[in-house]
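Next one to model:
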Amino acid sequence: MAPSFPNHSRSYDTTRNAVRFWGYDSAMEISFFVTADALRRLEPGLLSNEESLLQAFDQHRASICAAAGKIYKRGSKGSYELAASDF
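Next up is the predicted model:
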């Protein structure tokens, strides 16, 4: 079963240089990260600051959630990272 993404919260993770967001598989919450490089694949010329990365995430949320659903495997990991090759 693919996860759902009803929670529109997201945050920038400085350590990973990625935007973190959450999906749900029934009652289980799953953490996803989309890397800055992956966001640049979706939006070439993207600046590397937090505000730009969060805006790019918001603009491409549907594509990002679709890609997250494709890499998700129930119960196999605590978190998932979307890289440029996932787009």
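
Bridged to the residue most central in space within the chain, which residues?
Central residue of the chain (Cα atoms, centre = their mean): Val34, 3.7 Å from the mean position. On the basis of DSSP bridges, Val34 is bridged to Val19, Leu82.

for it, what are its contacts?
Contact partners of Val34, counting by Cβ atoms under 8 Å, 6 or more residues apart in numbering, are Ala18, Val19, Phe21, Phe57, Ile64, Ala68, Glu81, Leu82. Where you see a C-beta, it was placed from the backbone N, CA and C, and this is true even at glycine.

Assign a three-state SS to the fifth one, would you?
Following DSSP: H, G, I helix; E, B strand; the rest coil, we place Ile64 in the helix state.

That one: neighbour count?
25 (other Cβ atoms under 10 Å).

What's the separation between it and Leu53?
12 Å (Cβ to Cβ, to the nearest Å).

cool, and the third one?
Between Phe21 and Leu53 the distance, using Cβ to Cβ, works out to 12 Å.
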